[in-house]
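> Give me the fold of what follows.
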Amino acid sequence: MFVNFDGAAAISSLSADYFKAVPFDTETLLWMVVPTTMYGLISASAMQRAASAKSEKIALQGAIIGAVGTGLFTFFPVVIGMYGRAVFPEVETSSVLFTVMFNILPEWLAALLLVAIVAAVMSTADTQLMTIMANGMHDIYMNTLVPRYKLKDDEKRMKMISTVLTVVVLIGALLLSFKFNNIQKLLSKALSITTSACVVPYLGGRFMKKGTDIGALASMGVALTLLVLNFTGVIHLINDLIGLIPAAIVYVVVSLFTYKEDKAAV
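Residues are numbered from 1 along each chain as shown. From the prediction side, this is the model:
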């Protein structure tokens, strides 16, 4: 691209705004970074990678290598996008990368980039589904509802719950995708939903000695209810993560009220 199509000259012709490290306001940057950062606390894939490592040192080294590799790889789509903006100024921003891939790059490189993009999207979707299923099946049903309310946990019941939960999640993801035409905003929304529902129970369980399972369920219920109301337009939240505040309050209050009961049961 740079040799055959004089890519460096094309990119240098862009205005100074395209060379800013952060081409948007601080608030937008925070709402992009915060959900992603907080999601790291509850990421099922991150926990699996850490648990499968031979030692804590190797787990840390793997995370650092992965972060550096990801940072280096993300440089190339940015350069390709800048080149595409210079050569195809009339193309929509969301289509610039694919326009360059299919019209400028060699077929093998375009195919490689396309596969990488699809793999990244599918990996993220799989991780989200895996996290939701693990929380719903293992944490909520098996470890909380079954022992507390003496519910059935046979194979037939578990298959039914798994099927219903999967269908609900997929329908929700489909409806959510219809509302966005920007993959970046859609990813941020998906991470915000998972973070809003799971971060408070996770942190509460780690750092609050009197935290209870009922408090965690109540917190998740409040966070998800607020997200649904915001999505349907009943209420308006500045950002989905605002729901963490009432979710945290509910977690603390409900846990304090149910702590003695749980302690007595033990």
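
> need the next SSE after the helix or strand hosting Leu60, C-terminal direction.
Secondary-structure assignment from DSSP states H and E places Leu60 in helix 56-87. As assigned by DSSP H and E, the chain's next helix or strand after helix 56-87 is helix 96-103.

> Now that following helix - C-alpha only, PDB.
Only the C-alpha atoms of helix 96-103 are listed here, as PDB (Å, rounded to 0.1, in the frame of the first residue of the first chain):
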ATOM      1  CA  VAL A  96     -13.400   3.100   4.900                       C
ATOM      2  CA  LEU A  97     -11.400   0.100   6.200                       C
ATOM      3  CA  PHE A  98     -13.300  -2.400   4.100                       C
ATOM      4  CA  THR A  99     -13.100  -0.200   1.000                       C
ATOM      5  CA  VAL A 100      -9.300  -0.200   1.200                       C
ATOM      6  CA  MET A 101      -9.200  -3.900   1.900                       C
ATOM      7  CA  PHE A 102     -11.300  -4.800  -1.100                       C
ATOM      8  CA  ASN A 103      -9.900  -2.300  -3.600                       C
END
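
> Quick one: work out the angle between the helix or strand following it and helix 96-103.
Sequence order places helix 107-133 as the next helix or strand after helix 96-103, per DSSP H and E. Helix 107-133 and helix 96-103 are oriented at 140 degrees to each other (axes from the mean of the first three to the mean of the last three C-alpha atoms, to 10 degrees).

> Check which helices and strands helix 107-133 is in contact with.
helix 44-52, helix 56-87, helix 96-103, helix 155-178, helix 183-207 (3 or more C-beta pairs under 8 Å, 6 or more residues apart in numbering; DSSP states H and E). The way it works is simple: take the backbone N, C-alpha and C, and place the C-beta from them, glycine included.

> quick one: low-confidence ranges for the protein?
Residue ranges of the chain with pLDDT under 70: 1-6, 261-266.

> The same query, at a cut-off of 50, please.
Along the chain, the parts satisfying pLDDT under 50 run over 3, 264-266.

> Report the central residue of it.
Nearest to the mean C-alpha position of the chain, counting by C-alpha atoms, centre = their mean, stands Leu191 at 2.8 Å.

> thought it was touching Gly40?
No. Counting by C-beta atoms under 8 Å, Leu191 does not reach Gly40; the two are 9.8 Å apart.

> how about stretch 112-124: buried residues?
Leu113 (16 or more other C-beta atoms under 10 Å).

> domains in this structure, as residue ranges please.
1-105, 121-178, 183-266 (automatic domain parsing).

> what would those domains look like in CSV with distance to Leu113?
Below are the domains of the chain laid out as CSV (distance: least, C-beta to C-beta, whole Å):
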stretch, distance to Leu113
domain 1-105, 6
domain 121-178, 13
domain 183-266, 14
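
> that older thread, which among the helices and strands packed on helix 107-133 is found nearest to Leu129?
Leu129 lies closest to helix 155-178 among these, at 6.2 Å (C-beta to C-beta).

> And the closest residue in space to Val169 that isn't next to it in sequence, how close does it get to Lys57?
Of all residues not flanking Val169 in the chain, Ile132 sits nearest, at 5.5 Å (C-beta to C-beta, 6 or more residues apart in numbering). Remark: distance between Ile132 and Lys57 (C-beta to C-beta, to the nearest Å) = 31 Å.

> quick one, which of the two is more surrounded?
Taking other C-beta atoms under 10 Å, Ile132 and Lys57 do not tie; Ile132 has more neighbours (21 against 9).

> surely that one meets Thr194?
Yes. Using C-beta under 8 Å, Ile132 makes contact with Thr194 at a distance of 7.3 Å.

> since we're on Asp25, how many residues are nearby?
Burial measure for Asp25: 8 neighbouring residues, criterion other C-beta under 10 Å.
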